[in-house]
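# Here you go, sequence then predicted model.
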Amino acid sequence: MMLRKHSSRAGMALLALLAVLLAIVPSGHVQAGTHVAVSFFYDELEPYGDWVEHPRYGTVWYPRHRPGDWHPYVYGRWVWTADYGWYWDSDEEWGWATYHYGRWVYTDSYAWVWVPDDEWGPAWVEWRTGGGYVGWAPMPPEVAWHGGAFVYADIDMSAPRYNPCWVFVAEASFSKPNAGRYRAPRARTAAMLRASVRATNYRVVGARIVNRSIDVGRISAAANVRIEPATVVMYDTRVRVRADARGSGRVAVYRPTIGARAGLRVRRPPVSARVRSESRADDELPPPIDSHVRGTIGGDRSIEAGAGTSIGIGGGGVGIGGGGGLRIGR
């Protein structure tokens, strides 16, 4: 009887596990941008850049009139806030969308492009710290936010191929305006990656995504300045954001309701004169996602899925023989 009861529990756990796996494992063709997000952002961003069809990421956007060395998350400042942790306050007109929704990825055809999505966050970047420096890099579309944690699809942002994605600044300059002005020489990026450790730490507090990746006390001590948390004030129109100027311990944020604005016309805009099509794949893209996925669930739990049949649940749970593996545990 006891054996039967354990078998029943194991079966139920396995079914739950498979449901989780189906929900988080992405398909081979990455489409991070939802139809709702593309439909909503299309007209909002068109005055500032070009929409193109990418063979791997679908409908993507990139800004016009950018210098050759342009990089996301450089023209602006990091602000410590009471409710969201470190928030990227962009100087670019369109930054309200591209730094708080979706992902950036470097492509051979268009350099940096933005892949839209409808999940808002204070910033979507990977973090590292060490040697008196702080580093950040835009998360690519392969890094998914699911269930209050990131799921990494064979993405190692410390690998040499991602070196150009990183920006490092001294801790004393981290919270200063115009962060890009203090960027360390790019020739030192590889050495800084080796001398630093991963510090990415996002959490869900209530209904908010909070970025606590970098210790504010450490930044405050390095800059010899007391950093008081700013208050984030959300607005649903840009007119109200412009009226609420920076300063006075406040950060005005334009955060529209994407679903309501998109309405029932949830469809990808047609390829027209405004959307150029590109059929060539990019040499610089990460390798295609396969059946192996690794990441975190709930912040302190990990998941790995391989091509074999082995399944285990941590804490003394369920296992099925075979090679490869799916693992959920601490």
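Received it, and whenever you're ready, just let me know what you need.

# in the stretch 151-300 of the chain, which spans are strands?
In the stretch 151-300 of the chain, the segments counted as strands under DSSP state E, counting those that start in this stretch are 167-170, 197-198, 202-205, 208-211, 231-235, 250-254, 275-277, 293-297.

# The second one pairs with which strands?
So the one you mean is strand 197-198. In the sheet containing strand 197-198, its partner strands are strand 125-130 (antiparallel), by DSSP bridges.

# any idea of the mean pLDDT in whichever helix or strand comes after the strand it pairs with?
Next in sequence after strand 125-130, counting helices and strands by DSSP states H and E, comes strand 133-138. Mean pLDDT, computed over strand 133-138, is 98.

# now the angle between strand 125-130 and strand 133-138, please.
Our comparison of strand 133-138 with strand 125-130, counting by axes from the mean of the first three to the mean of the last three C-alpha atoms, to 10 degrees, yields an angle of 160 degrees.

# and the following helix or strand past strand 133-138, what's its mean pLDDT?
As assigned by DSSP H and E, the chain's next helix or strand after strand 133-138 is strand 143-146. In this model, strand 143-146 has an average pLDDT of 90.

# Same question for stretch 225-244.
Computed over stretch 225-244, the mean pLDDT rounds to 79.

# before we move on, the earlier item: quick one: closest of the strands of the stretch 151-300 of the chain to Pro63.
With distances scored as C-beta to C-beta, the stretch of the strands of the stretch 151-300 of the chain nearest to Pro63 is strand 275-277 (15.1 Å). For glycine as for every other residue, the C-beta is placed from the backbone atoms N, C-alpha and C.

# related to what we said a few turns ago, any idea which of the strands of the stretch 151-300 of the chain gets closest to Asn178?
Of all those, it is strand 167-170 that lies closest to Asn178, at 10.7 Å by C-beta to C-beta.

# Show me what the closest one pairs with in its sheet, parallel or antiparallel.
The pairing partners recorded for strand 167-170 under DSSP bridges are strand 133-138 (antiparallel).

# Need the winner for burial among the strands of the stretch 151-300 of the chain.
Greatest average neighbour count among those goes to strand 167-170 (a mean of 21), per mean count of other C-beta atoms under 10 Å.

# can you give me the helices for the protein?
Assignment of helices within the chain using DSSP state H yields the ranges 2-24, 35-45, 95-98, 189-194, 216-223, 238-243, 258-262.

# before we move on, back to that, could I get the strands of the stretch 151-300 of the chain as TSV with distance to Glu142?
Formatted as TSV, the strands of the stretch 151-300 of the chain follow (distance: least, C-beta to C-beta, whole Å):
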stretch	distance to Glu142
strand 167-170	20
strand 197-198	16
strand 202-205	16
strand 208-211	19
strand 231-235	28
strand 250-254	27
strand 275-277	23
strand 293-297	10
